[in-house]
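Trainee: Structure for the following, please:
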Amino acid sequence: MRQLTQLITKQLQQHYQTPVLTDVNGSRYTGADLLEDLTLCRTSLKQQNVNAGQTILISPTQVATIPILLLASWQLGLTVTLTPPSHHLPKLTPQAYAAMVYSPLQTEQLAAQLDPHEISMLTLILNTAPRFTYLVHDNALPITRASQPDLILPANQIQLTQRELLASARHHVTQTHLTDLYDIENGLIPCLANLITATPFTLTPTKNACLPS
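Mentor: Numbers count the residues shown, from 1 in each chain. Sure, this is the predicted structure:
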């Protein structure tokens, strides 16, 4: 079910030179900016052999990257685990995730723990995050589930498919100011509703993103 990602991509293409997203610093990103980031993220993950059936952990403080990371992951057929950043340094769990996105500070701190034969660090220069680094488990295996969700929200114990996310977004009122994409009802679904309707919106750091970016 790729209708959600196709709809959003089409809207970004149709609004190539129009600001779609504004971050807390007032930086405005056009459809072209987001499409460029989308291509970079998708290509990088693919080059690192992160493939359909695997899982990516998304937990950044650079919240403007979240929509693009979701799209890139879903275009590759990945299951996304979306969880708010923690005050504490997370434990590396490469057996669970093919790729992991943390805050810049956490990524730097985790770098000292990495086994270079098992986990690689990749750095991208994104429009939405000039200093963007993520981790890849070089030998991750596909997940094995009876049904494969597109999105897992551990904090809410929710698993959703793109079909379910699209249905919710279509029935949700668009909002021009969002604060917490880790909140499914008040953040993520409105964000998707904005993207499928090309409604410009401002995204400020989530209240849960307690680490400096």
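Trainee: switch to C-alpha atoms for all contacts and neighbour counts from now on
Mentor: Will do.
Trainee: Point out where this protein drops to low pLDDT.
Mentor: Low-confidence segments of the chain, defined by pLDDT under 70, are located at 1, 94, 141-147, 206-213.
Trainee: Please enumerate the helices of it.
Mentor: Under the criterion DSSP state H, helices of the chain are mapped to 3-14, 31-47, 66-75, 104-111, 162-170, 189-197.
Trainee: Reformat the ones you listed as TSV; add distance to residue 84 and mean neighbour count.
Mentor: Formatted as TSV, the helices of the chain follow (distance: least, Cα to Cα, whole Å; neighbours: other Cα atoms under 10 Å):
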stretch	distance to residue 84	mean neighbour count
helix 3-14	23	17
helix 31-47	20	18
helix 66-75	11	21
helix 104-111	13	16
helix 162-170	19	17
helix 189-197	16	23
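Trainee: So which of those is nearest residue 126?
Mentor: Residue 126 lies closest to helix 31-47 among those, at 5.5 Å (Cα to Cα).
Trainee: Could you pull up the contacting residues of the residue of the chain lying at maximal distance from its centre?
Mentor: Distance from the centre of the chain peaks at residue 117, with 25.6 Å (Cα atoms, centre = their mean). Each residue near residue 117 by Cα atoms under 8 Å, 6 or more residues apart in numbering is listed here: residue 138.
Trainee: re earlier: JSON lines please, covering the helices of the chain and showing distance to residue 139.
Mentor: JSON lines is the format used below for these (distance: least, Cα to Cα, whole Å):
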{"stretch": "helix 3-14", "distance to residue 139": "27"}
{"stretch": "helix 31-47", "distance to residue 139": "13"}
{"stretch": "helix 66-75", "distance to residue 139": "18"}
{"stretch": "helix 104-111", "distance to residue 139": "18"}
{"stretch": "helix 162-170", "distance to residue 139": "27"}
{"stretch": "helix 189-197", "distance to residue 139": "32"}
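Trainee: ends of stretch 50-62, how far apart?
Mentor: End-to-end span of stretch 50-62 (Cα to Cα, to the nearest Å): 22 Å.
Trainee: number of nearby residues for the residue lying closest to residue 177 once chain neighbours are set aside?
Mentor: Leaving aside its sequence neighbours, residue 177 sits nearest to residue 202 (Cα to Cα, 6 or more residues apart in numbering; 4.8 Å). By other Cα atoms under 10 Å, 20 other residues sit near residue 202.
Trainee: Surely residue 202 and residue 25 touch.
Mentor: No - the pair residue 202 / residue 25 is not scored as a contact, 9.9 Å apart, by Cα atoms under 8 Å.
Trainee: separation between residue 175 and residue 203?
Mentor: 10 Å.
Trainee: Have a look at those two and say which one is more surrounded.
Mentor: A count of neighbours by other Cα under 10 Å puts residue 203 above the other of residue 175 and residue 203, at 22 against 17.
Trainee: Quick check: bridge partners of that one?
Mentor: Residues in a beta bridge with residue 203, per DSSP bridges, are residue 23, residue 178.
Trainee: show me the contacts for it.
Mentor: Contacts for residue 203 (Cα under 8 Å, 6+ apart) come out as 21-24, 63-64, 177-179.
Trainee: ranking these by neighbours, who comes first?
Mentor: Busiest of these [other Cα under 10 Å] is residue 21, holding 26 neighbours.
Trainee: Now do the contacts for it.
Mentor: Residue 21 neighbours (Cα under 8 Å, 6+ apart): 28-30, 200-203.
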